[in-house]
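A.B. asks: one predicted model, sequence on top.
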Amino acid sequence: MSGPLIPDTEIRDLILECGGSEALKCYQCGMCTSLCPWYQVEGVYYPVNRFSTAVRLGDVLNTEDKDEIAREVTEMYRCVGCEACLALCPRGLSTPLLLRAIRRILVENQSIPAPLKSAIAQLTSAGNPLAGDPEERHAWAGDAGLAAFEPGMELAWFTCCTVDYDPRCQAVGRATLDLLHRAGMTFGAFGAAQQCCGEAIRRAGAEAVFQSLAKANAKLLARAAGATVLVNSPHCLTGFRRDYPELGLGVNAVHATQLFDRLIAEGRLRPTKELGKKVTYHDPCTLGRQNGIYDEPRRVLASIPGLELVEIEDFNRENAVCCGGGGGGIWLEWPKGERLADVRVRQAAATGAEILAVACPYCMQMFEDSVKTMDLDLKVLDVAELLAGSL
């Protein structure tokens, strides 16, 4: 029998100082565990309420056993920040915020998964997690007319790093560019000076890296004070709405689906081509639960002739299952059988849909990997791609 727990009050107090006071709200009702998406992955036991107890008892990384530390670090990074756990919490406790505080300590001590170390290094050296050349940030646009932002333009387009550097997601950028031109918008992008928004790496615990990225972007965004900042990534939207105000920077940001919805309502975009396909839409955690944007993407899809929109029964809108890419999950290596994206694409395929529509580049990457490995007859397309194809 093991001896009594000896609390490590030093690490407990350090976690609280780093923003872990969320742990003090918890009274262990366990409601959060049933809502966590890991609850749907067979073979994974992940009661998220235990983290609050562990912090309060000073039982976080309270061991010298290397294997035990490695196991605990893995569990600390299993949370993908989807915030489903907040829905029924009677105290409003945010486990992602609590884990962000613990992860800050792990990052400072280099006790993090190797892929995250690589992402941090690339963000530090290149300003993006894909190690892309800053001078090539908008190279995907070619000669299609992506100008540099100038004050007086309607839109300042803050393109996601994934859209700029991932070959598949670059198609989303080209579709968005086409739609903006067709609508007659005046817009420009920030070019080589733009850095990653930093939302995901902050949730992964790299606070200093986030601060550096955000301060660099703040100088660019200050020039766009009179314009609407357009984003394709809900992670950028969440960063601008939640994180950047802490730096004293207010950003009038909108997601692409919000803009498309408005442009269709104004008659500046008119879908006319028949699609003739059954489509189901996945609500990204960062767009839906974290920003309350559910209807706009659906209205855009519903405006496309011949598109039959079907819902994923029981798991849509605020109950949607996370793709697994948030909170740094996009950079981690998930073992076979432990991919939230697999759960989600199975749910999408069960609707009989031919197309899984997404509105987040992280979701696109995660779902396309799952569709390929699971050999499903399901196409993953961004809402922008579907809309552009209908004009």
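C.D. replies: Perfect, thanks for sending it. Residues are numbered from 1 along each chain as shown.

A.B. asks: what about stretch 270-290, start to end distance?
C.D. replies: Counting by CA to CA, to the nearest Å, you get 30 Å between the two ends of stretch 270-290.

A.B. asks: repeat for stretch 22-29
C.D. replies: Per CA to CA, the first residue of stretch 22-29 is 15 Å away from its last.

A.B. asks: could we number from 501 for the rest of this?
C.D. replies: In the new numbering, first residue 501, that becomes stretch 522-529.

A.B. asks: give me the buried positions along it.
C.D. replies: Of the residues in stretch 522-529, 522-523, 526 count as buried by neighbour count, 16 or more other CB atoms under 10 Å. Any C-beta I mention is one placed from the backbone N, CA and C, and that applies to glycine too.

A.B. asks: what do you get for stretch 566-582?
C.D. replies: 572-573, 576-582.

A.B. asks: how about the buried residues of stretch 522-529 in CSV, adding distance to residue 615 and pLDDT?
C.D. replies: What follows is the buried residues of stretch 522-529, written out as CSV (distance: CB to CB, whole Å; pLDDT from 0 to 100):
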residue, distance to residue 615, pLDDT
522, 26, 90
523, 27, 88
526, 30, 89
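
A.B. asks: of the buried residues of stretch 566-582, closest to residue 748?
C.D. replies: The shortest approach to residue 748 among those belongs to residue 581, at 24.0 Å (CB to CB).

A.B. asks: next one: phi and psi at that closest one?
C.D. replies: Backbone torsions for residue 581, taken as degrees, to the nearest 10, come to phi 70, psi 30.

A.B. asks: check residue 777 too.
C.D. replies: According to degrees, to the nearest 10, residue 777 has phi -130, psi 150.

A.B. asks: what sits against it?
C.D. replies: 806-808, 854-855 (CB atoms under 8 Å, 6 or more residues apart in numbering).

A.B. asks: any quick PyMOL command for the buried ones out of these?
C.D. replies: In PyMOL, a selection of the buried entries from the contacts of residue 777 looks like this (16+ other CB under 10 Å):
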select buried, resi 807+854+855
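
A.B. asks: specify the local secondary structure of residue 730.
C.D. replies: strand (DSSP: H, G, I helix; E, B strand; the rest coil).

A.B. asks: partners of it in the sheet?
C.D. replies: Beta-bridge partners for residue 730, by DSSP bridges, are residue 657, residue 754.

A.B. asks: what segments of the stretch 551-700 of the chain are helices?
C.D. replies: 566-576, 595-608, 614-626, 661-665, 670-682, 699-703 (DSSP state H, counting those that start in this stretch).

A.B. asks: check contacts around the nearest residue to residue 724 once chain neighbours are set aside.
C.D. replies: Among residues not flanking residue 724 along the chain, residue 656 sits closest, at 3.6 Å (CB to CB, 6 or more residues apart in numbering). By CB under 8 Å, 6+ apart, the contact set of residue 656 is 649, 687-690, 721, 723-724, 727-730.

A.B. asks: quick one, which of these are buried?
C.D. replies: Judged by 16+ other CB under 10 Å, buried ones among these: 649, 687-690, 721, 724, 727-730.

A.B. asks: quick one: which of the helices of the stretch 551-700 of the chain is nearest residue 516?
C.D. replies: helix 595-608 (7.8 Å).

A.B. asks: would you mark the buried spots in that closest one?
C.D. replies: Buried, per 16+ other CB under 10 Å, within helix 595-608: 595-607.

A.B. asks: what angle separates it from helix 566-576?
C.D. replies: Angle, helix 595-608 to helix 566-576, by axes from the mean of the first three to the mean of the last three CA atoms, to 10 degrees: 140 degrees.

A.B. asks: roughly how far out does helix 595-608 sit from the chain middle?
C.D. replies: Using CA atoms, centre = their mean, to the nearest Å, the distance from the centre of helix 595-608 to the centre of the chain it belongs to is 17 Å.

A.B. asks: so what touches it?
C.D. replies: Contacts of helix 595-608 (CB under 8 Å, 6+ apart): 511, 514-516, 518-520, 522-523, 532, 548, 551-552, 555, 560, 573, 576-577, 579, 581-583, 585, 612, 616, 620, 702-707, 827.
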